[in-house]
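Student: Could you look at this predicted model? Sequence included:
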Amino acid sequence: MEINFPKYFKYTIILLGLVLLIWFLQTFKSILVPICFSGLFALLLVPLCERLERLRLPRPLAILLCIIMVIAFLAGLIWLLSSQLISFVQELGTLSDKVNEYIQKVQTFLLNNFGIKPTNGREFISKNLGTLQQTGTSILSGTLSLTTGALSVLTIIPIYIFFMLFYREHFRRFMFKFITRDKRDTLMLTIDNIQKVVESYISGLLIVIVIVAILNMTGLMIMGVPYAVFFGIFASVLTIIPYIGILIGAALPALYTLVQTGSAVQALIVIGIFAFVQFLEGNFITPNITGSKVSINPFAAILALIIGGEIWGAAGMILSIPIIAILKVLFDAYEPLEPFGFLLGDIKSNSDKPDVFSKLSSRVRTILNLKKEKDEQDKAAK
């Protein structure tokens, strides 16, 4: 006997479920965050691991080689950024005097041209800008604490990745236990499609970040801006935040150039370099690499970053974009939730022709409908 509950009761249960989900995510953050990072890395390493296995390498050895490559790459990147960051923080103490001199020049210009009386430059810095040395120290301490927290789970994440890759077929068979035999082929096809799209999107996003970082660093090096590597990589990572990311990424090197050289023209040139790279990324790089497979609209991306930051902090902001991309792919694959996938998608991608994944999803639905009609015909014949 089926019981029909009122709609307000169903919505109340859904709201309570969301509250419990957020509580669960926050309470078990120390367990879930390493698992999510491990799953993300495992998903990215599946193609490489399969290629190594085709070369007749044993699966454990192939997985170990993949993990060693990732660790070596991340270690080199952290070493490069940390060295530049430490040098940048040490230089912040000497920049405070240059900031004071620059403010005095601006005040003198305002006095001579507009009759505005100057105020105490040091008092202005202490009240409005704060002490740059203290700000740099807090940034460094926050970075070190984040690094310490990352090192505490550095040993467990490779173990998770190893077992996720080693038992990947076992996990699929586990999912089959919940599905009847006549629907397992369809489920297998859907899972393969989802995995391919998510892998291509996340790997494409990483490729875009690397290309944008190289372009940023090249432009800053041509301008002769110090710490071009740090500024370039920092801005490239922020490009995952639509529209706002480029502003934040360009503000820091532009302010540094303005204080270091005292030339507003050079600061504007730095901003122009980032704007040009952002133009290339939005119109040529991203469309040609990630294509229209998964396209998240800016509002959904920013909202995901805010929610991820509130739930899991910095780790949540890093994981928010890949997670919302995976959710969109799942929503597009499951017909009752397809409107939510449309809501998360960008206007351009929604108006474009269906991509390969959409065609495969419609093919799966056609197969399901044909099977359903055949079963009904068999029942009618009996």
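Tutor: That came through fine. All figures in this text were calculated on a predicted structure; none of them were measured in a lab. Numbers count the residues shown, from 1 in each chain.

Student: Show me what the lengthiest helix in the chain is packed up against.
Tutor: As far as residue count goes, and with DSSP state H defining each element, the longest helix of the chain is helix 59-114. Contact here means 3 or more C-beta pairs under 8 Å, 6 or more residues apart in numbering; DSSP states H and E; on that basis helix 59-114 packs against helix 29-54, helix 121-124, helix 132-152, helix 156-166, helix 228-237, helix 244-261. The way it works is simple: take the backbone N, C-alpha and C, and place the C-beta from them, glycine included.

Student: Of those, which stretch is the most buried?
Tutor: Greatest average neighbour count among the helices and strands packed on helix 59-114 goes to helix 228-237 (a mean of 22), per mean count of other C-beta atoms under 10 Å.

Student: if we can go back for a sec, for the record, mean pLDDT for the longest helix of the chain?
Tutor: Mean pLDDT, helix 59-114: 79.

Student: Run the angle between it and helix 244-261 for me.
Tutor: Here helix 59-114 runs at an angle of 60 degrees relative to helix 244-261 (axes from the mean of the first three to the mean of the last three C-alpha atoms, to 10 degrees).

Student: going forward can the numbers begin at 13, since that is how I track them
Tutor: Got it, the first residue is 13 from now on, which makes the last one we talked about helix 71-126.

Student: So for the helix or strand hosting L280, mean pLDDT?
Tutor: With elements taken from DSSP states H and E, the one containing L280 is helix 276-292. Averaged across helix 276-292, the pLDDT comes to 88.

Student: next one: that helix to chain centre, how far?
Tutor: 23 Å (C-alpha atoms, centre = their mean, to the nearest Å).

Student: Ok, stretch 70-84 next?
Tutor: Counting by C-alpha atoms, centre = their mean, stretch 70-84 is centred 23 Å from the centre of its parent chain.

Student: per-residue pLDDT, the residue lying closest to S99 once chain neighbours are set aside?
Tutor: Setting aside the residues directly before and after it, S99 is nearest to Y239 in space (C-beta to C-beta, 6 or more residues apart in numbering), at 7.1 Å. For Y239, the model assigns a pLDDT of 85.

Student: ok, how many other residues are close to Y239?
Tutor: By the criterion of other C-beta atoms under 10 Å, Y239 has 18 neighbours.

Student: need the contact list for it.
Tutor: Q96, S99, F100, P265, Y268 (C-beta atoms under 8 Å, 6 or more residues apart in numbering).

Student: From L77, how far out is it?
Tutor: To L77, Y239 is 34 Å away according to C-beta to C-beta, to the nearest Å.

Student: likewise S332?
Tutor: S332 sits 30 Å away from L77, going by C-beta to C-beta.

Student: Show me which of those two is the more surrounded one.
Tutor: The neighbour comparison of S332 against L77 (other C-beta under 10 Å) goes to S332, with 22 against 15.

Student: Where does that one sit: helix, strand or coil?
Tutor: S332 falls in the helix class when you classify it by DSSP: H, G, I helix; E, B strand; the rest coil.
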